[in-house]
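Chemist: Structure here, sequence nowhere to be found:
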Ligand code: SAH
């Protein structure tokens, strides 16, 4: 079982490299070290290495591998970065980020208690001590640990919640799916005095809830 999953993971990583989605050795190593099948409900484990989103709990999802890889590449993560993620979901993206930035830290916020517990259980399977899962409204950011070098929003928002830009370091990058509930544009923001935005590609995420969310 484990060997079969490792083989499928390697095949998926080769496909993502071939398509030019995985570009860096850092992202490649993270994908190989943080197996996605450990982050999906057992009944979906056999689909873990297909390039599709899968259900986690309560209508929420674990994102599609190619979108996750693209977000990680665009964020240009470095060791020692302090990273905030909004929407822990399965915990997979947070674990990948933690792998790349160690000994830096990842704080990931999840609004749904059961999903937060699911993420916690999944992360415990990995040998990572630099991820903190907080149950709460991530649209407020996480003032207690701000500012952050990087922020990844993994739920759809009509506009990026204002607190997140404030909690981003000067020179920092933030990635978010921006748009309506039905379709968004994955957008990379950079804070250099003012905020500059670059559109990357259309995508679909589940909606961001909470005070500055859209639902
Ligand atoms: N990054 C996840 C996928 C996230 S799916 C992964 O790697 O699996 C989006 C998640 O955002 C859902 O679990 C949803 O419950 C959560 N969410 C929605 N609004 C939120 C908010 N305001 N704060 C924190 N989490 C939120």
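Modeler: Nice, I can see it. Because the structure is a prediction, the values reported are computed rather than measured.

Chemist: which bits of the protein sit near the ligand?
Modeler: Contact residues (CB under 6 Å from any ligand atom) of the chain with the ligand: 60-63, 86-87, 89-90, 92-93, 109-112, 115, 137-139, 154-155, 206, 208-210, 213. (C-beta placed from N, C-alpha, C; glycine too.)

Chemist: buried ones in the host helix or strand of residue 190?
Modeler: Residue 190 is part of strand 184-192, with elements assigned from DSSP states H and E. Applying a neighbour-count criterion of 16 or more other CB atoms under 10 Å, one finds 184, 186, 187, 188, 189, 191 buried in strand 184-192.

Chemist: Figure out the helix or strand that the nearest residue to the first one once chain neighbours are set aside lives in.
Modeler: So the one you mean is residue 184. Nearest residue to residue 184 in three dimensions, chain neighbours excluded: residue 177, at 3.8 Å (CB to CB, 6 or more residues apart in numbering). Following DSSP H and E, the helix or strand that holds residue 177 is strand 168-179.

Chemist: For the chain, which segments count as helices?
Modeler: Remark: helices assigned in the chain by DSSP state H are 2-18, 25-33, 65-75, 92-101, 113-124, 162-166.

Chemist: any chance of those in JSON lines, plus mean neighbour count and distance to residue 48?
Modeler: Formatted as JSON lines, the helices of the chain follow (neighbours: other CB atoms under 10 Å; distance: least, CB to CB, whole Å):
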{"stretch": "helix 2-18", "mean neighbour count": "14", "distance to residue 48": "7"}
{"stretch": "helix 25-33", "mean neighbour count": "17", "distance to residue 48": "12"}
{"stretch": "helix 65-75", "mean neighbour count": "22", "distance to residue 48": "9"}
{"stretch": "helix 92-101", "mean neighbour count": "26", "distance to residue 48": "10"}
{"stretch": "helix 113-124", "mean neighbour count": "18", "distance to residue 48": "12"}
{"stretch": "helix 162-166", "mean neighbour count": "16", "distance to residue 48": "30"}
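
Chemist: In JSON lines, list these along with mean pLDDT.
Modeler: As requested, the helices of the chain are exported to JSON lines (pLDDT from 0 to 100):
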{"stretch": "helix 2-18", "mean pLDDT": "97"}
{"stretch": "helix 25-33", "mean pLDDT": "98"}
{"stretch": "helix 65-75", "mean pLDDT": "98"}
{"stretch": "helix 92-101", "mean pLDDT": "98"}
{"stretch": "helix 113-124", "mean pLDDT": "98"}
{"stretch": "helix 162-166", "mean pLDDT": "97"}
